[in-house]
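K.L.:
Below are the sequence and a predicted model; questions follow.
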There are 2 protein chains.
Amino acid sequence: MKAFRGEILSVPEEGDVRHYPDGLLLVEDGIVTSCGPYADPGVPVEKLDGITVPGFIDSHIHYPQTERIASHGEQLLQWLERHIFPAEQAFADMDHAAAIAAFFLDELLRNGTTSALVFATVHTQSVDALFEAALTRDMRIVSGKVLMDLGPPGLRDTPESGRADSEALIARWRGKGRLGYAVTPRFALTSSDEQLAEASALLAAHPDVLMHTHLSENQGEIAVVAERFPDAADYLDVYDRFGLVGPRSVFAHCVHMSERAMERMAEAGAGIAFCPTSNLFLGSGLFDLAQRDRHGVKLGMGTDIGAGTSFSLLHTLGEAYKVCQLRGVSLDPFRALHLATAGSARVMGIADKVGALLPGQEADFVVLDPAATPLLARRTKGASIHDKLFALQVLGDDRAVAATYLRGKLAYAR
Amino acid sequence: MKAFRGEILSVPEEGDVRHYPDGLLLVEDGIVTSCGPYADPGVPVEKLDGITVPGFIDSHIHYPQTERIASHGEQLLQWLERHIFPAEQAFADMDHAAAIAAFFLDELLRNGTTSALVFATVHTQSVDALFEAALTRDMRIVSGKVLMDLGPPGLRDTPESGRADSEALIARWRGKGRLGYAVTPRFALTSSDEQLAEASALLAAHPDVLMHTHLSENQGEIAVVAERFPDAADYLDVYDRFGLVGPRSVFAHCVHMSERAMERMAEAGAGIAFCPTSNLFLGSGLFDLAQRDRHGVKLGMGTDIGAGTSFSLLHTLGEAYKVCQLRGVSLDPFRALHLATAGSARVMGIADKVGALLPGQEADFVVLDPAATPLLARRTKGASIHDKLFALQVLGDDRAVAATYLRGKLAYAR
């Protein structure tokens, strides 16, 4: 058994803030056995110097776009053409994929992210490279080969090859470490009707896999979707008609949504990955948290690297605050922490495994340093946990992560 | 004479990008004598390892709000009442003011900012403290006692005391180091008509001082201004009627502006401080760069600490990019650099002194490190100067500032 002592904060549900200024976390074989106020556990105790929170969970991110972060000058469709598709071609090369996967996962750990739902590329080897690197690090990573038979030359599969490659990857990686698979049509515009139907068949055939795609990010994109699918009620309905809207579906963005679509998502149990830095960077628009709240759709946070501008979910929460402010909604820092941990876990269907340091969950956690920079130190000195947490979200970055633990083992130290 | 060799980038005018991959900067008695491609100067040469740019110029920032950065949950007027006014009361104490001024100026240098137009508080000692600290560091700082006879208890002056205190400060600090004075009515709502008239008289009496205030930041604020001044054409017109709109006037924000007001600002030669992180953080709105461009109003950048969320003008430019993206405008990184250097200098009336490393200007400069973090290093390796600069704006922070020089002397090294 391992025993950790320090200030511990966890928000398993919105409104359920568990804060132990002097807390004790007990871990056996990587699993939390208890988390609460400190009492002598009768075994050696490791001191955690900072604020310990559950490991961050990134519910939408593209690892092959790591090197294209901060690419200038476009909105979504043009940005894909000019910056992203050329970069993704390189992932046909397994060595390149492996090098980027290693860098990418190390950046996640450096930023306190312990689980993620990750876009690979159309190439099976891009998934193999990521899963191998994640297995080595014992990270909880869910990914899948991208389906895009209408993609640009060099990045196209076919409905048949997409199906077969996905099946092979599922068979190859199922049950290994903490990995999971997501059927991953890029978005409605890059797959034929046939391929969208195949994606649905994959989902039906494998009850343990997720469906991961993009939805209603950008007005230009939405207009082209409406043109191609004139009979659909809206963009969500395009996916719905192919059986792709259900409790295992994760839709990134959802910036421009009708009330009907939100209601349908709630009813279907589908989840949203809110990606504020990306939505700002590409000028996509402002996610409407109040609309989501009216319908109670499952909600998590995503960095959406490479359109997103930071690997840090702390910083991403600070940017989420700004997006909400522009919408006239004040995002509470405890609620924000929930979204980037247990909220994302629920969206990914792993809330029983991680996200809140509950007994029985895997002991993935992060030690945050509220004095990581001179400014943070000055701002948080003597502040309440609420104000410290908010300052970490607004002013924090990778430096605020003192240490990251996976299943109770130190995986990164600053 | 001092000679500096390295990659040098400067944008004296929009569209006039001066880039010397192997450049030479010659400085005599703190003044630039030449800046261009490297050629043996015949004196010992100091190597600058990174991209050397003119020192950043922050055209709107509040030093007494340093410790209130990242204060949660409000829009402008409520945020002032709840977080800011209580903090400003402490600046009646000279020791407190001196401690914050020292920390504040060190943060500026750490972020590569060498000049700034700074709000103090209503207390004369707040200005004395800042100017003393700036003089010690040889920084080009412009500030002034805040005029606010309609402020909350403990932060009020009177039209008479405000005038007399301002006169005394101008007399006390004129000609010292690189300091400058700004007549500083907080904003229309915190000054009586009498005080706004006194501010105008101060401006007229002292042709070397600036006028520094806030304009059209928040819709709630604008509504209250319209209520108090029903005869004014708009918020700008309130200031105009008191003679406060001229070539020495600097208005922070200008988020919600009529075409008439923009045209009037251009005609009067008044300047704008664009403060994107603040406008996002308080949910004030999105500055309209295209509108500004139509009228050609002078434009600089401000961090607006403490509503702003970063002392870094690099990061502020990254956030400006996002604001512009949401408005459908793509902000070029060279243009952005101009705005945070020579643009701000013009707004502050010091473009003859600093901002572009032109011969005759003071040699304030910053060495940027495009490999400051693992992610920056990977993103900028082999990239063009355009892409490196943009990556620094999107991904950079204080770590990207390797060194800051004031009048050719090292003032900060990472």
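P.N.:
Perfect, I can see it now.
K.L.:
and the spatially closest residue to A:Val255 that is not a sequence neighbour, what element?
P.N.:
Nearest non-adjacent residue to A:Val255, counting by Cβ to Cβ, 6 or more residues apart in numbering or on different chains: A:Gly285, 4.2 Å away. Any C-beta I mention is one placed from the backbone N, CA and C, and that applies to glycine too. Under the criterion DSSP states H and E, no helix or strand holds A:Gly285.
K.L.:
ok, A:Ser258 - contacts?
P.N.:
Going by Cβ atoms under 8 Å, 6 or more residues apart in numbering or on different chains, A:Ser258 touches A:Asp234.
K.L.:
give me phi/psi at the residue nearest to A:Val255?
P.N.:
phi 140, psi -170 (degrees, to the nearest 10).
K.L.:
Likewise for A:Lys409?
P.N.:
Torsion angles, degrees, to the nearest 10, at A:Lys409: phi -110, psi 140.
K.L.:
Just list whatever residues bridge to it.
P.N.:
A:Leu406 (DSSP bridges).
K.L.:
Give me the pLDDT for it.
P.N.:
With respect to pLDDT, A:Lys409 scores 98.
K.L.:
How about the one 3 residues further on?
P.N.:
Note on A:Tyr412: pLDDT of 98.
K.L.:
Tell me the secondary structure at the nearest residue to A:Arg82 once chain neighbours are set aside.
P.N.:
Excluding its sequence neighbours, the residue lying closest to A:Arg82 (Cβ to Cβ, 6+ apart) is A:Glu74, at 5.9 Å. Of the three states, A:Glu74 takes coil under DSSP: H, G, I helix; E, B strand; the rest coil.
K.L.:
Identify the residues contacting the residue nearest to A:Val255.
P.N.:
Taking Cβ under 8 Å, 6+ apart, one finds A:Asn218, A:Gln219, A:Val255, A:His256, A:Asn279, B:Leu326 in contact with A:Gly285.
K.L.:
Nearest residue to A:Asp93 in space, ignoring adjacent ones along the chain?
P.N.:
A:Gln125 (7.8 Å).
K.L.:
residues in contact with the longest helix seen in chain A?
P.N.:
In chain A, taking DSSP state H as the definition, the longest helix is helix A:94-110. Identification of contacts with helix A:94-110 by Cβ under 8 Å, 6+ apart yields A:58, A:63-64, A:66-67, A:90-91, A:114, A:116, A:121, A:123, A:125-126, A:128-130, A:132-134, A:137, A:139, A:141, A:311, A:398, A:401, A:404, A:411-412, B:374-375, B:378.
K.L.:
cool, and stretch A:368-381?
P.N.:
Residues contacting stretch A:368-381 (Cβ under 8 Å, 6+ apart): A:49-53, A:112, A:314, A:383, A:387-388, A:391-392, A:395-396, A:399-402, A:414, B:66-67, B:69-70, B:103, B:106-107, B:110, B:311, B:398.
K.L.:
Now restrict the residues you listed to buried residues only.
P.N.:
Buried residues within these, counting neighbours by 16 or more other Cβ atoms under 10 Å in any protein chain shown: A:50-53, A:112, A:314, A:387-388, A:391-392, A:395-396, A:399-402, B:66-67, B:69-70, B:103, B:107, B:110, B:311, B:398.
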